[in-house]
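Student: Output the structure for:
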Amino acid sequence: MKIDLHVHTSEVSACGMMSAEETVHRYAEAGYDAVVITNHFAKYNSDRFAAAGFDFFTKYQEGLLLAKEAGKRHGLKIFGGYELRFNGSDNDYLVYGMPDDIACRCDELFAMNPASFSALAKENGFLFYQAHPFRNGMRITNPACLFGIEVRNGN
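Tutor: Residues are numbered from 1 along each chain as shown. This is a model prediction of the structure:
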């Protein structure tokens, strides 16, 4: 099974170079079985949507829904995740399986740190990984706080 666990789309992430439809189409053509949409889940992104008059979490979920609908058309399984950034940090983290009733508390999550978020993840049974820790400007997080790290980022 071929899966990409870290995918952005242009509807939510400014660095997403393609729409959900185009992204899903290209992954299907490339022979993938599934992708996890992990758009940017951070205060800077939340503020961008708020300035345009939108609720960030609603827009985030709408972006995932567009990918899931495209996945049905192209025969590709689509899962949702998050690329989380805490306020005041340049590090990014991949989060898988976080329930919506927790994820919707965006500002509270953005104000956490790796240790407190890790405790929340363990308590609620979802996964917490450091994204692209070897990229310039990133700092490796204490491994005791993480479930793992991303070792290869295709960007």
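Student: Identify the single longest strand in this protein, thanks.
Tutor: If you go by DSSP state E, the chain has its longest strand at strand 77-84.
Student: which residues does Lys122 contact?
Tutor: Neighbour list for Lys122: empty [criterion: CB atoms under 8 Å, 6 or more residues apart in numbering]. Where you see a C-beta, it was placed from the backbone N, CA and C, and this is true even at glycine.
Student: So for the helix or strand harbouring it, what gets flagged as buried?
Tutor: Element membership for Lys122 (DSSP states H and E) is helix 114-124. Neighbour-count burial for helix 114-124 flags 114, 117-118, 120-121 (criterion: 16 or more other CB atoms under 10 Å).
Student: Kindly reformat these as a markdown table containing distance to Arg105 and pLDDT.
Tutor: As requested, these are exported to a markdown table (distance: CB to CB, whole Å; pLDDT from 0 to 100):
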| residue | distance to Arg105 | pLDDT |
| --- | --- | --- |
| Pro114 | 17 | 98 |
| Phe117 | 12 | 98 |
| Ser118 | 16 | 98 |
| Leu120 | 10 | 98 |
| Ala121 | 14 | 98 |
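Student: Using JSON lines, lay out these together with distance to Tyr27.
Tutor: What follows is these, written out as JSON lines (distance: CB to CB, whole Å):
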{"residue": "Pro114", "distance to Tyr27": "30"}
{"residue": "Phe117", "distance to Tyr27": "29"}
{"residue": "Ser118", "distance to Tyr27": "30"}
{"residue": "Leu120", "distance to Tyr27": "30"}
{"residue": "Ala121", "distance to Tyr27": "27"}
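Student: rewinding a little: please name the strands paired to the longest strand of the chain in the sheet, noting orientation.
Tutor: strand 34-37 (parallel), strand 40-41 (parallel), strand 92-96 (antiparallel) (DSSP bridges).
Student: out of those strands, nearest to Asp4?
Tutor: Among the strands paired with strand 77-84, the nearest to Asp4 by CB to CB is strand 34-37 (4.7 Å).
Student: Can you give the contact residues for the closest one?
Tutor: By CB under 8 Å, 6+ apart, strand 34-37 touches 1-9, 20, 23-24, 27, 63-64, 67, 71, 76-81, 96.
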